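> Here is the input, now give the coordinates:
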Amino acid sequence: MESVTAVDWSDPAIIESVLVPWGIRIVVAILIFLVGRWIAQRLTGLSRRAMTRSRLDEMLINFLTNIIYLVLLVAVIMATLDHVGIQTTSLLAIFGAAGLAVGLALKDSLSNFSSGVMIILFRPFKAGDFIEAGGAAGVVEEVRMFATLLRTGDNRAVIVPNSQIYDGTITNYSTKPTRRIDLVFGIGYDDDIAKAKQLMADIMQQDERILEDPAPSIAMAELGDNSVNFNVRPWVNSADYWPVRADLLENIKLAFDANDISIPYPQRDVHLYAVDRK
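Down below sits the predicted model:
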């Protein structure tokens with residue numbers, strides 16, 4: 001049986017022939033990684049500024065800069081490993097096989113990534129739009145590689161997977177410059193219909209935020225069980241939708257109260273009968 005000879009790492013010859021070259025190689029590899037990462041960050045910043053000057057959408061800029069930085073960082077890591085002496089070609093083959101297995105295990109993440117790419121390409125919304133998608137509603141902050149960040153009206157951050165957004169129905173409330181407000185007002189059967197319609201028309205005419213074209217409409221909707229119902233439908237700029245809606249509800253209610261126009265609520269008449277018991 002052959003004996004194993006212990007290596008004397010304190011031997012100057014071994015230090016000079018093995019430890020010093022490897023130490024220098026590792027130090028240089030660390031410098032390559034640090035400098036390469038710095039260059040990747042600088043190139044990513046330059047790419048962002050170039051895309052900003054080209055007036056690309058902010059959502060698209062954020063998505064592309066993330067991709068650019070990731071690709072550059074992978075290149076830096078491969079260069080670092082190659083300098084250390086690791087065969088990157090064999091490593092790529094191993095990563096390819098492992099990537100296939102990981103891809104099958106992380107198919108949902110890959111679906112989110114591909115959905116993010118499709119969102120960027122077809123642009124059903126942009127940063128700053130108020131949307132309803134994937135079971136959530138809010139202002140679009142950013143489309144990331146795997147998820148979209150929304151901000152709700154009460155300033156909560158909601159992260160929605162991209163696949164849930166792209167595979168479902170997307171409602172974009174900001175894409176059109178104008179919106180129609182749909183309100184229903186009911187008056188009593190004994191109230192003056194013409195007077196009620198005139199009051200609602202006057203209130204809408206006095207509000208400068210309500211557009212003249214298309215003109216607002218007031219039409220009888222139905223003869224309900226407890227009230228005569230009217231559809232009140234003015235058009236406004238999208239940014240004025242909620243303020244105008246709230247003001248109309250308040251002002252029409254006050255005008256009805258001041259002019260003895262009732263807004264009935266569901267009622268039920270109960271009739272009592274005396275029953276003689278024998």
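> The nearest residue to F230 once chain neighbours are set aside and S54, how far apart?
Nearest residue to F230 in three dimensions, chain neighbours excluded: F185, at 5.1 Å (Cβ to Cβ, 6 or more residues apart in numbering). No exception for glycine: its C-beta is placed from N, CA and C like everyone else's. Note on F185: its distance to S54, by Cβ to Cβ, to the nearest Å, is 50 Å.
> more neighbours, the two?
F185 (23 against 8; other Cβ atoms under 10 Å).
> So for P177, what's the pLDDT?
The confidence metric pLDDT takes the value 91 at P177.
> Now do the contacts for the closest residue to I67 other than its chain neighbours.
Distance criterion Cβ to Cβ, 6+ apart; nearest residue to I67, sequence neighbours excluded, is M145 at 7.4 Å. Taking Cβ atoms under 8 Å, 6 or more residues apart in numbering, we find M145 in contact with F63, N66, I67, N112, F113, G116.
> cutoff 7 Å now
N66, F113, G116 (Cβ atoms under 7 Å, 6 or more residues apart in numbering).
> same thing with V228?
The contact partners of V228, by Cβ under 7 Å, 6+ apart, come to G186, I187, Y189, I193, M220.
> So the spatially closest residue to the last one that is not a sequence neighbour: helix, strand or coil?
Using Cβ to Cβ, 6+ apart and skipping residues adjacent in sequence, the residue nearest M220 is F230, 5.7 Å away. Secondary structure of F230, reduced to three states by DSSP: H, G, I helix; E, B strand; the rest coil: strand.
> just to revisit the earlier point, any chance of the contacts of M145 in TSV, plus secondary structure and distance to K253?
Listed next are those as TSV, based on DSSP: H, G, I helix; E, B strand; the rest coil; distance: Cβ to Cβ, whole Å:
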residue	secondary structure	distance to K253
N66	helix	50
F113	helix	51
G116	helix	46
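> which one of those has the most neighbours?
Counting neighbours by other Cβ under 10 Å, G116 comes out on top of the contacts of M145 with 24 neighbours.
> I'd say that residue and N162 touch.
Yes: in this structure G116 lies within contact range of N162 using Cβ atoms under 7 Å: 4.2 Å.
> which residues do those two both contact?
Listed as contacting both G116 and N162 by Cβ under 7 Å, 6+ apart are F146.
> The residue nearest to I67 - that's part of a helix, no?
No: using three-state DSSP, the secondary structure at M145 is coil, not a helix.
> what about the strands in the stretch 51-200 of the chain?
130-133, 136-143, 147-151, 157-161, 171-172, 178-180, 183-187 (DSSP state E, counting those that start in this stretch).
> How is the protein partitioned into domains?
12-105, 124-172, 178-258 (automatic domain parsing).
> Spell out, range by range, the helices that occur in the protein.
Ranges of helices in the chain, per DSSP state H, are 12-14, 20-53, 58-84, 88-105, 107-122, 162-166, 193-206, 241-258.
> Neighbours of the closest residue to D167 other than its chain neighbours, how many?
Closest residue to D167 apart from its sequence neighbours, by Cβ to Cβ, 6+ apart: S115 at 6.9 Å. S115: 21 surrounding residues under other Cβ under 10 Å.
> Surely S115 and S163 touch.
Yes: with contacts counted by Cβ under 7 Å, S115 reaches S163, the gap being 4.4 Å.
> low-scoring stretches of the stretch 51-200 of the chain, by residue?
By pLDDT under 70, the weakly predicted segments of the stretch 51-200 of the chain are 56-57, 59, 85-108.
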